[in-house]
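**Q** here you go, sequence then predicted model.
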Amino acid sequence: MTDEWCGWREATRTALYGDEGFYRRPEGPAGHFRTSVHASGLFASAVARLLVRTARELGSGTVDLVDVGAGRGELLTGVLAALPAEDPSLAVRAYAVELAPRPPGLDPAVIWCSGVPSGVRGLLFANEWLDNVPAEVAEADADGVVRRVLVRRSDGAERLGGPVTGEDARWLERWWPLTRPGERAEIGRPRDEAWAGAVGSLAGGLAVAVDYAHARPARPPFGTLTGFRAGREVRPVPDGGCDLTAHVALDACAAATAHIGSGAELVDQRTALRELGVSGERPPLARASTDPAGYVRALASAGEAAELTARGGLGDFGWLRQWVAPGDRT
């Protein structure tokens with residue numbers, strides 16, 4: 001790394017995905033932060049049920065599962081393990097989309113690739129992917145002029161650069177207008193484009209993006225860019241030593257795929273998981289006397305489900321769901 005000043009998009013791309021970037025470290029994302037995948041196997045089981053539903057909607061006994069931002073394959077491993085209980089006859093082609101090298105011990109049937117495959121039919125699932133798609137940061141200066149924020153890679157120091165113009169300016173005007181000096185935003189246009197590309201890769205099926213999100217009526221006034229290292233939130237410094245993440249304007253991503261499929265739907269994780277049978281309800285206390293072991297297992301499962309659906313926590317994640325019928329390109 002050098003002390004060169006650059007925009008946050010370029011700095012983040014190098015810090016996360018460069019040759020010595022954060023996401024190429026052997027410990028993987030799980031070594032630094034805990035996602036729904038790591039919190040409970042119930043999450044992978046829910047995705048397995050969603051995959052089965054998708055296959056039935058497509059009327060197919062063979063289906064593709066594409067995990068975008070696959071980490072070290074934890075979600076795919078969990079889904080494939082859960083599938084026999086959901087539909088033992090379903091044949092699955094599994095793709096892990098990740099820039100890091102293939103981890104040892106992963107099921108050899110999983111296809112490891114650096115880009116989203118095209119022409120697949122099935123379920124494309126992107127869990128905490130879009131928040132790591134690099135984006136520029138903008139800030140309104142003392143005169144109200146919206147300028148690009150420049151960052152020094154070595155220590156995260158910032159200064160204001162030139163005015164935001166062109167497509168980035170139009171994106172801000174539509175999706176995240178900055179009206180007061182000091183207000184900041186992450187320009188989500190690269191996330192919109194990434195999501196549109198992922199949805200467009202489907203020949204048929206369902207695309208799902210899961211991320212912490214915000215909507216236009218309630219954007220955070222100073223942005224959400226932050227860092228994570230070893231399970232703790234830290235100051236964002238693009239030196240390759242920490243994760244760099246920012247919440248996603250999923251409403252803008254939804255609009256970017258309005259020309260594809262039958263329309264996007266945005267719900268919170270509580271709603272999505274409950275639709276897939278994940279409930280935090282405690283088992284009846286009477287079961288403790290008739291089936292003590294079963295009661296303990298059910299109680300533990302309820303606790304895990306409660307974490308996945310908790311308000312103020314994982315349950316606040318947004319799920320952006322986009323169905324693409326075979327041949328549906330309008």
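**A** That came through, no problem. The model shown is predicted, which means the values in this text are computed figures rather than measured ones.
**Q** tell me which residues of stretch 202-219 are tucked away?
**A** 202-214, 219 (16 or more other C-beta atoms under 10 Å). No exception for glycine: its C-beta is placed from N, CA and C like everyone else's.
**Q** need these in a markdown table (columns: distance to L266, pLDDT and secondary structure).
**A** Listed next are those as a markdown table, based on distance: C-beta to C-beta, whole Å; pLDDT from 0 to 100; DSSP: H, G, I helix; E, B strand; the rest coil:
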| residue | distance to L266 | pLDDT | secondary structure |
| --- | --- | --- | --- |
| L202 | 18 | 96 | strand |
| A203 | 24 | 95 | strand |
| G204 | 21 | 95 | strand |
| G205 | 18 | 96 | strand |
| L206 | 14 | 97 | strand |
| A207 | 13 | 97 | strand |
| V208 | 11 | 98 | strand |
| A209 | 9 | 97 | strand |
| V210 | 11 | 97 | strand |
| D211 | 11 | 96 | strand |
| Y212 | 13 | 93 | coil |
| A213 | 8 | 96 | strand |
| H214 | 11 | 96 | coil |
| R219 | 15 | 97 | coil |
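**Q** closest to G156 among the residues you listed?
**A** G156 has its nearest neighbour among those in Y212, at 21.1 Å by C-beta to C-beta.
**Q** and the closest one, what does it touch?
**A** The neighbours of Y212, taking C-beta atoms under 8 Å, 6 or more residues apart in numbering as the test, are 131, 224, 247-248, 316-318.
**Q** hmm, back to that, any chance of the buried residues of stretch 202-219 in CSV, plus distance to G240?
**A** Below are the buried residues of stretch 202-219 laid out as CSV (distance: C-beta to C-beta, whole Å):
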residue, distance to G240
L202, 33
A203, 37
G204, 39
G205, 36
L206, 35
A207, 30
V208, 30
A209, 26
V210, 26
D211, 22
Y212, 23
A213, 26
H214, 27
R219, 29
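**Q** follow-up on the earlier one: most neighbours out of the contacts of Y212, which is it?
**A** V248 (29 neighbours; other C-beta atoms under 10 Å).
**Q** list the contacts for it?
**A** Here V248 is in contact with 130-131, 188, 191, 209, 211-214, 318 (C-beta under 8 Å, 6+ apart).
**Q** and A169, helix, strand or coil?
**A** What DSSP: H, G, I helix; E, B strand; the rest coil gives for A169 is helix.
**Q** tell me the contacts of it?
**A** A169 is in contact with 146, 163, counting by C-beta under 8 Å, 6+ apart.
**Q** do P163 as well
**A** 145-148, 169.
**Q** repeat that for D268.
**A** Contacts for D268 (C-beta under 8 Å, 6+ apart) come out as 315-319.
**Q** any idea what it is bridged to?
**A** G318 (DSSP bridges).
**Q** with just CA atoms, put stretch 136-148 into CSV.
**A** Output of stretch 136-148 as CSV, limited to C-alpha atoms (Å, rounded to 0.1, in the frame of the first residue of the first chain):
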residue,chain,number,x,y,z
GLU,A,136,-17.7,5.8,-3.7
VAL,A,137,-18.4,8.0,-0.7
ALA,A,138,-19.8,11.5,-1.1
GLU,A,139,-20.1,14.4,1.3
ALA,A,140,-21.8,17.8,1.1
ASP,A,141,-19.2,20.5,1.8
ALA,A,142,-19.8,23.8,3.7
ASP,A,143,-21.4,25.4,0.7
GLY,A,144,-23.6,22.4,0.0
VAL,A,145,-21.6,21.1,-3.0
VAL,A,146,-21.6,17.3,-3.1
ARG,A,147,-18.0,16.1,-3.4
ARG,A,148,-16.3,12.8,-3.6
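**Q** which outside residues touch it?
**A** Taking contacts as C-beta under 8 Å, 6+ apart, the residues outside stretch 136-148 that touch it are 7-9, 149, 151, 160-164, 168-169, 172, 178-187, 223, 225.
**Q** average pLDDT across it?
**A** Stretch 136-148 shows a mean pLDDT of 98.
**Q** one more: stretch 111-121?
**A** Averaged over stretch 111-121, pLDDT sits at 96.
**Q** tell me which residues in stretch 146-158 are buried?
**A** For stretch 146-158, by 16+ other C-beta under 10 Å, it's 146-153, 156.
**Q** what kind of secondary structure is G161 in?
**A** Quick answer, by three-state DSSP: G161 is strand.
**Q** related to what we said a few turns ago, kindly indicate which of the contacts of V248 lies nearest S279.
**A** Relative to S279, the closest of those is G318; by C-beta to C-beta it sits at 19.9 Å.
**Q** quick check, that closest one in contact with A272.
**A** No - taking contacts as C-beta atoms under 8 Å, G318 lies outside contact range of A272: 9.1 Å.
**Q** thinking again about what came up before, filter the buried residues of stretch 146-158 down to the ones in strands?
**A** Counting by DSSP state E, those place 146-152 in strands.
**Q** A264: which of those residues is nearest?
**A** The nearest member of these to A264, counting by C-beta to C-beta, is V146 at 27.6 Å.
**Q** tell me the contacts of L16?
**A** 22-23, 132, 134, 240, 243-244.
**Q** do a quick rundown of the helices in the stretch 201-330 of the chain.
**A** With helices called from DSSP state H, counting those that start in this stretch, the stretch 201-330 of the chain shows them at 250-256, 269-275, 287-290, 292-308.
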